[in-house]
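[1] my questions are about this predicted structure, shown below with the sequence.
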Amino acid sequence: MAKFENSVEVDARSVDGSVVQPVDAKSVVEIGEFEGERSPAGWQPPDWGFVSVCDENCELAG
């Protein structure tokens, strides 16, 4: 089984200059074990320059 976590902090600014407190969001996707994984011929993940970090102890902050 694998668990993938994504987190973001949004620091929004209004056009009139007012400041809103930053907002945090997280998502977690858990993938169970399965057999028969097949990638389509010629397919590769997009190279979007994301940083991938593996942490065996992913947990949501509550």
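    Alright, I've got the coordinates. Numbering: from 1, shown residues only.
[2] sheet partners, orientation included, of the least confident helix or strand in the chain by mean pLDDT?
    Ranked by mean pLDDT, DSSP states H and E, the weakest helix or strand in the chain is strand 2-10, scoring a mean of 88. Strand 2-10 pairs in its sheet with strand 23-31 (antiparallel), by DSSP bridges.
[3] for the strand it pairs with, what is the distance to the chain centroid?
    For strand 23-31, the separation from the chain centroid amounts to 6 Å (computed by CA atoms, centre = their mean, to the nearest Å).
[4] also stretch 5-17?
    The answer for stretch 5-17 is 16 Å, by CA atoms, centre = their mean.
[5] low-confidence ranges in the chain?
    37, 51-62 (pLDDT under 70).
[6] in it, which residue sits furthest out from the middle?
    Asp16 (31.3 Å; CA atoms, centre = their mean).
[7] quick check: it vs Val23, distance?
    In this view, Asp16 and Val23 are 19 Å apart by CB to CB, to the nearest Å. No exception for glycine: its C-beta is placed from N, CA and C like everyone else's.
[8] and for Lys3?
    23 Å.
[9] cool, Gly17 as well?
    Distance from Gly17 to Val23, by CB to CB: 18 Å.
[10] more neighbours: which of those two?
    Val23 (10 against 6; other CB atoms under 10 Å).
[11] report the secondary structure state of Trp48.
    coil (DSSP: H, G, I helix; E, B strand; the rest coil).
[12] what about it, neighbour count?
    5.
[13] how about Arg13: what's its closest non-neighbour residue?
    Spatial nearest neighbour of Arg13, chain neighbours left out: Val19 (6.4 Å); criterion: CB to CB, 6 or more residues apart in numbering.
[14] likewise for Val23?
    Val10 (4.9 Å).
[15] for that neighbour, what are its contacts?
    By CB atoms under 8 Å, 6 or more residues apart in numbering, Val10 lies in contact with 22-25.
[16] bridging residues for Val29?
    Phe4.
[17] I'd say it and Phe4 touch.
    Yes. Here Val29 reaches Phe4: they are 4.7 Å apart, a contact under CB atoms under 8 Å.
[18] alright, I will stop here.
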